[in-house]
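Trainee: What shape does this take:
(one chain, ligands or ions: 1)
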Amino acid sequence: MSSLFPNYARYPITLVKGKGSRLWDDQGKEYLDFMTGIAVTGLGHVPERVKNALVNQLDQLWHVSNLFHIPNQEKAARLLTDNSCADAVFFCNSGAEANEAAIKLARRYHQKVLGNRRYEIIAFKQSFHGRTLATLTATGQDKVKEGFLPLPEGFVHVPLNDLAAVEAAITDKTAAILLETIQAEGGVHIVDQAFATAVRELCDRHGLLLIMDEIQTGMGRTGKLFSYEHYGIEPDIFTLAKAIGSGFPVGAMLAKAPLVPAFAAGSHGSTFGGTPIATAAVIATIETMLQEKAPERAAASGELLVGRLKEALKGLPNVVDVRGKGLLVGIECAGPVAGIVAELQQRGLLVITAGPNVLRLLPNLLVTAEEIEEAVSLISAVLAEQAAAATH
Ligand SMILES: *Cc1c(COP(=O)(O)O)cnc(C)c1O
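Mentor: Down below sits the predicted model:
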């Protein structure tokens with residue numbers, strides 16, 4: 001009997017050790033990791049440089065409170081602003097908190113800097129933005145909202161890639177549009193170039209803020225350090241978490257200069273946000289990603305992975321589509337994929353789902369061509385066996 005809440009449907013696997021792309025369970029069985037703790041261990045498990053930075057910081061200082069200057073926090077923020085369109089960073093501890101901060105900043109910017117009463121945020125169906133009350137309300141999936149009524153006011157949802165629906169949803173209360181460039185949890189749905197450009201133009205025309213949730217798509221995952229770079233547009237606010245600390249829990253909310261005064265002293269905060277330890281992990285993660293050209297490697301490896309999957313799965317009646325950007329890849333199947341995930345686990349490959357019918361592949365950004373080959377052959381074998389069994 002567990003003393004934990006039963007809020008996770010856990011796989012029957014207990015992982016006890018990891019290195020690079022490999023994980024080992026308590027029985028000594030080895031796994032090839034193509035899920036990276038849901039896009040968190042972007043540099044693989046226990047990356048040497050991040051480990052050393054954490055060990056060094058553990059010897060020096062753990063926590064002091066944001067009532068003091070924290071040099072690691074300054075340096076981590078500078079690395080982020082030097083390598084993005086943002087001018088300022090707020091550190092927190094999770095993705096939901098980063099989106100919560102983005103929602104608060106957007107409202108406060110309109111109310112305190114511009115002096116209007118706009119507060120409504122347009123978000124998208126099938127999106128995922130977190131589990132706090134505001135972020136689950138922003139999320140475009142009913143299953144995360146069940147039993148949590150009443151929800152906070154100020155969120156509306158429209159279909160992704162539907163410009164007319166976005167335009168129709170804009171009112172004199174609208175403050176911002178909240179967008180993931182790839183809806184990752186929601187099924188690996190990719191934003192069209194024309195839609196992204198038009199949404200940016202709509203924001204400019206109506207005085208709305210564009211908030212991009214880069215929690216899963218950021219930190220090199222899609223083949224650019226931040227996925228908005230693919231589209232030639234810039235958000236006013238964007239959020240990061242998942243891979244930014246290589247597995248140490250960190251979230252960040254970043255914004256452009258005009259937004260910065262909206263968070264005056266005392267307006268927002270977090271006890272643990274950006275501690276010396278957390279930001280040591282961020283610095284080492286970003287420096288390693290830049291030095292190893294992790295985004296560029298993710299772009300090349302993603303092309304290889306998608307290309308090889310398309311070849312290997314060609315003609316299988318149970319495979320509907322293979323899509324993705326960089327190393328955020330989805331295989332849409334004709335039916336539920338939970339059984340496929342379990343079978344792949346048996347054979348030593350860890351992948352996850354994105355909605356009921358989509359397999360999601362999230363290897364680390366430094367994954368090798370050999371590891372990609374290994375994963376493709378396991379996935380194609382299992383899907384081919386499923387197709388063959390269905391015709392008998
Ligand atoms: C994971 C995720 C979140 C939530 O992050 P938590 O750290 O679990 O709070 C929000 N948005 C997106 C796009 C995510 O993938």
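
Trainee: I'd assumed Val167 was in a helix, is it?
Mentor: Not quite, residue 167 is Glu, not Val. Yes. Secondary structure of Glu167 (DSSP: H, G, I helix; E, B strand; the rest coil): part of a helix.

Trainee: quick one: it from Leu208, how far?
Mentor: 11 Å (CB to CB, to the nearest Å). (Glycine included, C-beta is placed from N, CA and C.)

Trainee: Also Gly315?
Mentor: 45 Å.

Trainee: Glu167 and Leu208: which is more packed in?
Mentor: Just comparing Glu167 and Leu208: by other CB atoms under 10 Å the higher neighbour count belongs to Leu208, 24 against 15.

Trainee: can you pull the contacts of that one?
Mentor: Contacts for Leu208 (CB atoms under 8 Å, 6 or more residues apart in numbering) come out as 170, 174-177, 202.

Trainee: redo that, cut-off 7 Å
Mentor: In this structure, Leu208 makes contact with 174-177, judged by CB atoms under 7 Å, 6 or more residues apart in numbering.

Trainee: before we move on, what about Gly245?
Mentor: By CB under 7 Å, 6+ apart, the contact set of Gly245 is 278, 281-282, 285.

Trainee: which among those residues gets closest to the ligand?
Mentor: Closest to the ligand out of those is Ala278 (13.2 Å), distances taken as CB to the nearest ligand atom.

Trainee: what about that closest one, which SS state?
Mentor: Recorded secondary structure, Ala278: helix (three-state DSSP).

Trainee: What residues does this structure have near the ligand?
Mentor: 94-96, 99, 128-130, 180, 184-185, 213, 215-216, 241-242 (CB under 6 Å from any ligand atom).

Trainee: Of these, select the buried ones using a PyMOL command.
Mentor: To isolate the buried subset of the residues of the chain next to the ligand in PyMOL, counting by 16 or more other CB atoms under 10 Å, use the following:
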select buried, resi 94+95+96+99+128+129+130+180+184+185+213+215+216+241+242
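
Trainee: Tell me the one of the residues of the chain next to the ligand nearest the ligand?
Mentor: Comparing the residues of the chain next to the ligand against the ligand with CB to the nearest ligand atom picks out Gly95 as the nearest, at 2.2 Å.

Trainee: ok, that closest one - contacts?
Mentor: 130, 215, 239, 241-242, 251.

Trainee: Tell me the secondary structure of the residue lying closest to Thr275 once chain neighbours are set aside, please.
Mentor: Using CB to CB, 6 or more residues apart in numbering and skipping residues adjacent in sequence, the residue nearest Thr275 is His63, 5.1 Å away. Here His63 is coil, with the state taken from three-state DSSP.

Trainee: Tell me how many other residues crowd His63.
Mentor: Counted with other CB under 10 Å, residues neighbouring His63 total 11.

Trainee: which residues sit against the strand or helix carrying Arg49?
Mentor: Element membership for Arg49, per DSSP states H and E: helix 48-60. The contact list for helix 48-60, computed with CB under 7 Å, 6+ apart, reads 43, 246, 248, 276-277, 280-281, 283-285, 288.

Trainee: Looking at neighbours, which among those residues is most surrounded?
Mentor: Comparing the contacts of helix 48-60 by number of neighbours (other CB under 10 Å), Ser246 comes first, having 30 neighbours.

Trainee: tell me the phi and psi of that residue?
Mentor: Backbone torsions of Ser246, given as degrees, to the nearest 10, read phi 60, psi 20.

Trainee: cool, and Ile122?
Mentor: Dihedral angles (degrees, to the nearest 10) for Ile122: phi -90, psi 120.

Trainee: Likewise for Thr353?
Mentor: Residue torsions, per degrees, to the nearest 10, at Thr353 are phi -100, psi 170.
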